[in-house]
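Colleague: Make a model of this:
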Amino acid sequence: MASLRAIIICTALMLCGFLPVHANAQEHARPTVAGIDLQNLRWIVGDWQSSQGKQTIDEHWSLAGDSLLGISRSVEENRSKAVELLLIEKQDNDYLLRLRFFGPAIEKATRGKDQPLRLKVVQADGEKLLCEGIDAETGTTVIYTNLSPLSMIAQIRKIRDGAVVWQEDYVFKRMPQ
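Modeller: Next up, the predicted model:
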């Protein structure tokens, strides 16, 4: 009876957070901000390509710790048309996607000139990366959806007064390493 009582007390202490469930549990726990853990986005890491008409877009994503970096280049008629830098990192109590667009020579930003565009990461899991615009970008969403290990869709949408006023969808295929 005494051992059953000890088990019940230890279980109650673990459930209340006074005792670790496993001796190494605290060492392996990953800090998350608002339930977001960028490690869940490992599926996006790598090289991707989307082709629409004369335009080809290639993207490369890399994850190091709690920092996800994306580089996107649009090519048309064998020349760079645009370059985009995307960075997701923690800022204050949220993860933010910051991005800047550059023209083909990347000498100056064409969007996000004075400061990067900012979107809050609201979902980051094995299925989806969903970012919603804040401040000047309110109404903008950027969504990457994992379709399979070899394909994903990127969707950029602008909403005003509850209606979609602009949207672009890109189907990406994973490129071999």
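Colleague: Show me the protein divided up by domain.
Modeller: 1-30, 31-174 (automatic domain parsing).
Colleague: Pick the most buried one from those.
Modeller: domain 31-174 (a mean of 15; mean count of other CB atoms under 10 Å). Every C-beta, even on glycine, is put in place using the N, C-alpha and C of the backbone.
Colleague: For the domains of the chain, could you give me CSV that also reports mean pLDDT?
Modeller: Output for those, formatted as CSV (pLDDT from 0 to 100):
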stretch, mean pLDDT
domain 1-30, 39
domain 31-174, 90
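Colleague: quick one: the helices in the protein?
Modeller: Remark: helices assigned in the chain by DSSP state H are 2-15, 25-28.
Colleague: List the beta-bridge partners for the spatially most central residue of the chain.
Modeller: For the chain, the residue nearest the mean C-alpha position is residue 129 (4.7 Å; CA atoms, centre = their mean). Counting by DSSP bridges, residue 129 is bridged to residue 124, residue 144.
Colleague: That one is in contact with residue 119, isn't it?
Modeller: No: taking contacts as CB atoms under 8 Å, residue 129 lies outside contact range of residue 119: 10.4 Å.
Colleague: Report the set of residues contacting both of the two.
Modeller: Shared between the contact lists of residue 129 and residue 119 (criterion: CB atoms under 8 Å, 6 or more residues apart in numbering) are residues residue 142.
Colleague: can you pull the contacts of the residue nearest to the centre of the chain?
Modeller: With CB under 8 Å, 6+ apart, residue 129 has these contacts: 41, 44, 121, 123, 142-144.
Colleague: now the residues you listed in a markdown table, with distance to residue 174?
Modeller: Supplementary listing: these in a markdown table, determined by distance: CB to CB, whole Å:
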| residue | distance to residue 174 |
| --- | --- |
| 41 | 14 |
| 44 | 10 |
| 121 | 22 |
| 123 | 21 |
| 142 | 19 |
| 143 | 18 |
| 144 | 13 |
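Colleague: so which of these comes closest to residue 86?
Modeller: residue 142 (8.5 Å; CB to CB).
Colleague: Residue 144 and residue 88, how far apart?
Modeller: Distance of residue 144 to residue 88, given as CB to CB, to the nearest Å: 11 Å.
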